[in-house]
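> I'll drop the sequence and a predicted model, then ask my questions.
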Amino acid sequence: MLIVTLIAALVGYAIARLPGLLIGGLLGYALLRWMRTKLIGKLAERQRQFLSSTFAVMGAMSRADGEVSESERKSAEAVFDRLNLAGEQRDKARSDFQRGQRSDFDLDAELARLRQVVGVQRGLLQVFFQVQLAALAADGRVDDAERDMLLRIARGLGCSQEELDRLEAMLSGAAAGGGTHESAQPLEEAYRTLGVSSQASDAELKRAYRRLMSENHPDKLAGKGMPESMRRMAEQRTSEIGNAYDRIRQARDGG
């Protein structure tokens, strides 16, 4: 910020000496303040849309079998608790959840809005799926209708086959009661979590691990539109990636 202000001041000085120096410095500072405000506002809007779409899709997921049960409503409230939503934020989350349950809810249009927010930040997409899976697993089971709808949503968001494989691994973990410890995690599931085959070389395995850790880093995602309330979800994802990598390394080292 200081560098840009100094450059503007020097340009002003070259044009009009001391008066130009002062005017250029002030204009440069004012421009940077305006740009910063615009960027902060844009990020806040991305966060609002991400939350709105996430909970609306969660509402649609809750009626995948044609009806919304009381346990599914409680599951949504459990997710809101996990995200520490309160006051107006919680009221908005409930409203979006109910919006997704309506018969006239346009899922494809909602996914299109979510794609605009996510863009190339695939880590944001993983956080989105973490929330959906948390809601699905809250009642202790994932039925076929929910599984099929989640995979349909993934395809609607343009997920690659590698991402679909990782989602299947996440689904397996949710169906088993959510989260797996590295010592108990099935080796096949660990490979799916990293999106590599069991024939991948050690170098390929390490590259996949480092790429996923970079994509899912909470601080990086926060700067790309992830709300602060979802940080714990991102931290859980990086923990799962680390556990999967450790599980594979342990198996390859003969442990």
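It's in.
> which SS class is the residue nearest to residue 105 when sequence neighbours are not counted?
Take residue 105 and drop its neighbours on the chain: the residue closest to it by C-beta to C-beta, 6 or more residues apart in numbering is residue 60, 5.8 Å away. (Each C-beta comes from the backbone N, C-alpha and C, glycine too.) Under DSSP: H, G, I helix; E, B strand; the rest coil, the three-state class of residue 60 is helix.
> could you do residue 85 as well?
State at residue 85, reduced to three classes by three-state DSSP: coil.
> how about the nearest residue in space to it that is not next to it in sequence, what does it touch?
Leaving aside its sequence neighbours, residue 85 sits nearest to residue 93 (C-beta to C-beta, 6+ apart; 5.4 Å). Residue 93 sits next to 51, 55, 80, 83, 85 when contact means C-beta atoms under 8 Å, 6 or more residues apart in numbering.
> out of those residues, the closest to residue 168 would be?
Ranked by distance to residue 168 (C-beta to C-beta), the contacts of residue 93 are led by residue 55 at 23.6 Å.
> got a pLDDT number for the closest one?
On the pLDDT scale, residue 55 is placed at 93.
> again, but for residue 173
Residue 173 carries a pLDDT value of 64.
> nearest spatial neighbour of residue 100, chain-adjacent residues omitted?
Excluding its sequence neighbours, the residue lying closest to residue 100 (C-beta to C-beta, 6+ apart) is residue 59, at 2.6 Å.
> residue 152 versus the residue nearest to residue 105, what's the distance?
10 Å (C-beta to C-beta, to the nearest Å).
> look at those two and report which has more neighbours.
Just comparing residue 60 and residue 152: by other C-beta atoms under 10 Å the higher neighbour count belongs to residue 60, 21 against 13.
> please identify the one among the contacts of residue 93 that lies nearest to residue 111.
residue 55 (13.7 Å).
> that closest one and residue 233: what is the separation?
Counting by C-beta to C-beta, the separation of residue 55 from residue 233 is 13 Å.
> pull up the overlap in contacts between these two.
Between them, residue 55 and residue 233 share no contacting residue, judged by C-beta under 8 Å, 6+ apart.
> where does the stretch 1-150 of the chain dip in pLDDT?
Where the stretch 1-150 of the chain drops to pLDDT under 70, the residues are 1-36, 38-43, 120, 138-140.
> cutoff 90 now
Applying pLDDT under 90 to the stretch 1-150 of the chain flags the ranges 1-51, 61-86, 89, 103, 115-150.
> okay, helices next: where are they in it?
Remark: helices assigned in the stretch 1-150 of the chain by DSSP state H, counting those that start in this stretch are 2-62, 70-82, 87-101, 107-118, 122-137, 144-156.
> neighbours of residue 201, how many?
Residue crowding around residue 201 was assessed by other C-beta under 10 Å; the count is 9.
> repeat for residue 119
12.
> what does residue 206 give?
Using other C-beta under 10 Å, residue 206 has 14 other residues around it.
> now do the same for residue 254: helix, strand or coil?
coil.
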